[in-house]
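Asks: I need the structure of the sequence given here:
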Amino acid sequence: MTIQFSIGHWYYDGQRAYEVLAVEGARLLVRYQGETEPVACYLPAQARLAEAIDGPPQSPLPQHHANVAPRKTNATTFETKETSPLIAELIRRHSQPASDYLTHDQIVDLILTDLKGQHLIEQAIRLGNPNPPIRLAGNMLDHFSARITDSTSEYAGRFNRRKIDGKWAYKSR
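Replies: Just a heads-up that it's a prediction; the model follows:
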């Protein structure tokens, strides 16, 4: 089911209730119940998960309230063998040796807008991962970078990389 979001209205994503603060392109800016900091969420994924509710609930909503699979204890929601080829292909496709580095945030945006990236994120959410899509995409990239750093990735020699604002940025060699 997809849903249209309205600023100031409350929704439930199967894990937590949140209020929509802004709609910015393909992202929602939301504030989860009981939290002070707003969070950016990927709009298409939220539209498929969200259920409108009448304001903030007085207590947390029961887990069975939405059609979302319960979180499995110690279950992984994606593996680097699935995500690394996707990330490597996105970097290869969107950078050139003579161009600027793709920053961490740019690569996260590429993951969020790629159909396979969206599928992996939606799968993680269905498996019960409570993180917003932008954080899931960032985690995918962080794991990709960690495998290059510890020299266990087959993609280690394929890209130039350097830290920009404390995060790894990449470009094709």
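Asks: Quick one: distance of stretch 91-111 to the chain centre.
Replies: Its chain's C-alpha centre lies 17 Å from the corresponding centre of stretch 91-111 when counted by CA atoms, centre = their mean, to the nearest Å.
Asks: Give the full set of residues in contact with residue 136.
Replies: Counting by CB atoms under 8 Å, 6 or more residues apart in numbering, residue 136 touches 77-78, 120-121, 124-125, 129. C-betas here are computed from N, CA, C, even on glycine.
Asks: Recalculate using a threshold of 7 Å.
Replies: 121, 124, 129 (CB atoms under 7 Å, 6 or more residues apart in numbering).
Asks: how close does residue 153 get to residue 116?
Replies: Using CB to CB, to the nearest Å, residue 153 is found at 18 Å from residue 116.
Asks: The spatially most central residue of the chain and residue 160, how far apart?
Replies: By CA atoms, centre = their mean, the chain has its centre lying nearest to residue 133, at 2.4 Å. Distance, residue 133 to residue 160, by CB to CB: 28 Å.
Asks: Likewise for residue 21?
Replies: Taking CB to CB, one finds residue 21 at 38 Å from residue 160.
Asks: Which SSE is immediately downstream of the worst-scoring helix or strand of the chain on mean pLDDT?
Replies: Scoring the helices and strands of the chain by mean pLDDT, DSSP states H and E places helix 43-49 at the bottom, with a mean of 77. Downstream of helix 43-49, the first helix or strand assigned by DSSP states H and E is strand 51-53.
Asks: list the helices and strands that next one packs on?
Replies: strand 10-12 (3 or more CB pairs under 7 Å, 6 or more residues apart in numbering; DSSP states H and E).
Asks: which helices and strands sit right next to the strand it packs on?
Replies: By 3+ CB pairs under 7 Å, 6+ apart, strand 10-12 packs against strand 17-24, strand 51-53.
Asks: Assign residue 155 to one of the three secondary structure states.
Replies: For residue 155, the assignment made with DSSP: H, G, I helix; E, B strand; the rest coil gives coil.
Asks: Pull the contacting residues for it.
Replies: 84, 88, 148.
Asks: would JSON lines of those residues with distance to residue 17 and neighbour count be doable?
Replies: JSON lines is the format used below for the contacts of residue 155 (distance: CB to CB, whole Å; neighbours: other CB atoms under 10 Å):
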{"residue": "84", "distance to residue 17": "35", "neighbour count": "19"}
{"residue": "88", "distance to residue 17": "37", "neighbour count": "19"}
{"residue": "148", "distance to residue 17": "38", "neighbour count": "21"}
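Asks: Out of the residues you listed, list just those in helices.
Replies: Assignment to helices by DSSP state H places the following of those there: 84, 88, 148.
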